[in-house]
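[1] 3D model of this:
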Amino acid sequence: MSLSCIEVLTGKNPTATIIWLHGLGADGRDFDAIVPELKLDPSLAIRFIFPNAARIPVTVNGGMIMPAWYDILDMSIDRKVDTKQLNQSAIDIIALVEKEIARGIPSEKIILAGFSQGGAVVYQAALTYHKPLAGLLAMSTYLATSETRKLADSNAKLPIMIMHGSQDPVVPEALGQFANKFFIDKGYKCQYKVYPMQHSVCAEQITDISCWINNTLMS
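    Prediction:
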């Protein structure tokens, strides 16, 4: 399925792309306003892409129809999800990556970012993609397919930044710590940062995201 997207450019003739996924019940507008707040290096011309998830029934919300990358079947610590839908969303994101490559952006200059449900999707997309990416930013999220995912050698050296709130009541920080250990044990270049917040984004985190993007795209 072709996803509708919001695009924000930080300069003419972009040389890098960041595809940033929202969480459950939100849409592409959830993060587009963050771009000017990042205060990125002015030499970077970046195309930010904020895709919109399809509206589907979500079991944990009583079957209510809302924007979602996949159905969540229960809210246990193991987070039972519709893996087929998650994999399809990851395929849709990879299609956006391929579109950016066709627009002249090298895969090595494409970052995938995601918050909560969106983070679970970009984990799947980035780590199974057959071309090397610039980096992966995972915010307040979890590894939904750690036991079934086949990791692609092309992104074995992928820089990963995991960020989580210490007071998160929706996605417990233990799930962020689990992902961090999973990647370190497998030899990935993984960083982990925790903030005194709930299931959200804070000012300190935005500063850290800015530094990480600058370092990742300018290295």
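[2] Show me the helices in this structure, by range?
    Here the chain has its helices, by DSSP state H, at 29-32, 34-38, 83-102, 117-128, 173-185, 203-218.
[3] ok now the last one, how far from the chain's centre?
    Relative to its chain's centre, helix 203-218 lies at 14 Å (C-alpha atoms, centre = their mean, to the nearest Å).
[4] Stretch 192-205 now?
    Distance, stretch centre to chain centre, for stretch 192-205: 15 Å (C-alpha atoms, centre = their mean).
[5] how many neighbours does the nearest residue to Ala53 once chain neighbours are set aside have?
    Leaving out its chain neighbours, the residue that sits closest to Ala53 by C-beta to C-beta, 6 or more residues apart in numbering is Pro67, at 4.4 Å. In this view, the C-beta of every residue, glycine as well, is placed from N, C-alpha and C. Using other C-beta atoms under 10 Å, the number of residues around Pro67 comes to 19.
[6] Ala134 too?
    Counted with other C-beta under 10 Å, the neighbours of Ala134 add up to 22.
[7] That one against Glu108, yeah?
    Yes - between Ala134 and Glu108 there is a contact at 5.7 Å, judged by C-beta atoms under 8 Å.
[8] related to what we said a few turns ago, can you tell which of the helices of the chain is closest to Ile6?
    Ile6 lies closest to helix 29-32 among the helices of the chain, at 5.3 Å (C-beta to C-beta).
[9] picking up where we left off before, what pLDDT does the model give the residue nearest to Ala53?
    Looking at Pro67, its pLDDT is 97.
[10] about what we covered before: could the helices of the chain go into TSV alongside mean neighbour count?
    Output for the helices of the chain, formatted as TSV (neighbours: other C-beta atoms under 10 Å):
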stretch	mean neighbour count
helix 29-32	18
helix 34-38	15
helix 83-102	18
helix 117-128	27
helix 173-185	17
helix 203-218	16
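[11] So for stretch 38-54, what gets flagged as buried?
    Buried positions in stretch 38-54, judged by neighbour count with 16 or more other C-beta atoms under 10 Å: Leu38, Leu40, Leu44, Ile46, Arg47, Phe48, Ile49, Phe50, Pro51, Asn52, Ala53, Ala54.
[12] so how far is it from its chain's centroid?
    So, by C-alpha atoms, centre = their mean, the centroid of stretch 38-54 is 13 Å from its chain's centroid.
[13] So for it, mean pLDDT?
    When pLDDT is averaged along stretch 38-54, the result is 96.
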